[in-house]
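Trainee: Sharing a model prediction with you, sequence too.
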Amino acid sequence: MTQKYIDLLHTSREIGVIDSYYSFDPIEAKKYGLYHNSTFYTPCINLPLQIPDYDLFFGGNDKGRTQLAHVILDKCASLDISILLYIINGEKGFKNKGYLPYPKFLEFLINSNGILEIMQENQTGLTLRTMEAIFFKKKLVTTNKAIKHYLFYHPDNIFILGEDSIENLSKFLEKDYHPLEHDKINFFESQNWLDRFLFPEKELLNIEYRDSLLDG
């Protein structure tokens, strides 16, 4: 929630024309008095299994993340860990030069052992990169420290930069992916996401994250 959207939230609440406000981020929802419903994903293809060409793939708009991405790249190079960076400059989304259509993005993902996720400043909600990791059984290397509180988190699958020792990243990537229970993945399917809007959140069993996520 940037200041722009905080101001918009306050203004629209004063006008009173919107019944309910939701955030996909539980921390953000608690902070601003919003309802929460998770992010969602619908896998559009089955990724074929093949020997990866590189260890990690980062693809996305710059959004202030390029410098950190190159710091991580240099550190991983010293550990003999290969990263493919595909960073797009600009604020125009699909109109940016070099925009990567999603099917092409998935082609890069097929050839990678895992996904590098670099969060924007103050961002803690689950991203599309996280969804791809759990639906396609890819290793996730992320700067999102809040992710350890989610029920799908497993240390064999998710490496948290800034908490886990970077010196152990090679060993992490070499470990087998730990299979997740179907319910922990299916929770984020788009139809289940839609169904959750039909019920007051207080009546929903919390099968997304641990209470520790909101303790801070």
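Mentor: That came through, no problem. Numbers count the residues shown, from 1 in each chain.

Trainee: Let me know the helix or strand that Ile18 is in.
Mentor: Counting by DSSP states H and E, no helix or strand carries Ile18.

Trainee: My understanding was that it contacts Ser12; is that so?
Mentor: Yes - between Ile18 and Ser12 there is a contact under Cβ atoms under 8 Å: 5.5 Å. Using the backbone N, CA and C atoms, a C-beta is placed for each residue, glycine as well.

Trainee: More neighbours: which of the two?
Mentor: Using other Cβ atoms under 10 Å as the criterion, Ile18 and Ser12 rank with Ser12 on top: 12 against 9.

Trainee: How about the contacts made by the residue most central in space within the chain?
Mentor: Residue closest to the mean C-alpha point of the chain, counted by Cα atoms, centre = their mean, is Thr127 at 2.7 Å. Residues in contact with Thr127 (Cβ atoms under 8 Å, 6 or more residues apart in numbering) are 39, 117, 119, 144.

Trainee: And those residues, which of them are buried?
Mentor: 117, 119, 144 (16 or more other Cβ atoms under 10 Å).

Trainee: Tell me how many other residues surround Met131.
Mentor: Met131: 18 neighbours (other Cβ under 10 Å).

Trainee: Please name the residues that touch Leu73.
Mentor: Contacts of Leu73 by Cβ under 8 Å, 6+ apart are 83, 85.

Trainee: Of the contacts of Thr127, which belong to strands?
Mentor: Of the positions in the contacts of Thr127, Glu117 sit in strands, assigned by DSSP state E.

Trainee: Low-confidence stretches in this protein?
Mentor: 90-98, 200-205, 216 (pLDDT under 70).

Trainee: 90 instead?
Mentor: Low-confidence segments of the chain (pLDDT under 90): 1-3, 17, 19, 43-52, 60-64, 87-107, 120-122, 195-207, 215-216.

Trainee: Spell out the residue ranges of the helices in it.
Mentor: Under the criterion DSSP state H, helices of the chain are mapped to 3-15, 26-32, 66-78, 102-110, 128-135, 169-174, 182-186, 190-196.

Trainee: out of the contacts of Thr127, which one sits closest to Asp25?
Mentor: Thr39 (8.5 Å; Cβ to Cβ).

Trainee: isn't that closest one right next to Tyr22, touching?
Mentor: No - applying Cβ under 8 Å as the test, Thr39 and Tyr22 come out as separate, 11.1 Å apart.

Trainee: Redo the contacts of Thr127 as a markdown table? Include distance to Phe105.
Mentor: Formatted as a markdown table, those follow (distance: Cβ to Cβ, whole Å):
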| residue | distance to Phe105 |
| --- | --- |
| Thr39 | 17 |
| Glu117 | 13 |
| Met119 | 18 |
| Asn144 | 19 |
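
Trainee: what's the closest of the contacts of Thr127 to Asp53?
Mentor: Comparing the contacts of Thr127 against Asp53 with Cβ to Cβ places Glu117 closest, at 19.3 Å.

Trainee: Wait, that closest one touches Leu140, no?
Mentor: Yes - contact status for Glu117 versus Leu140: in contact at 6.1 Å, counting by Cβ under 8 Å.
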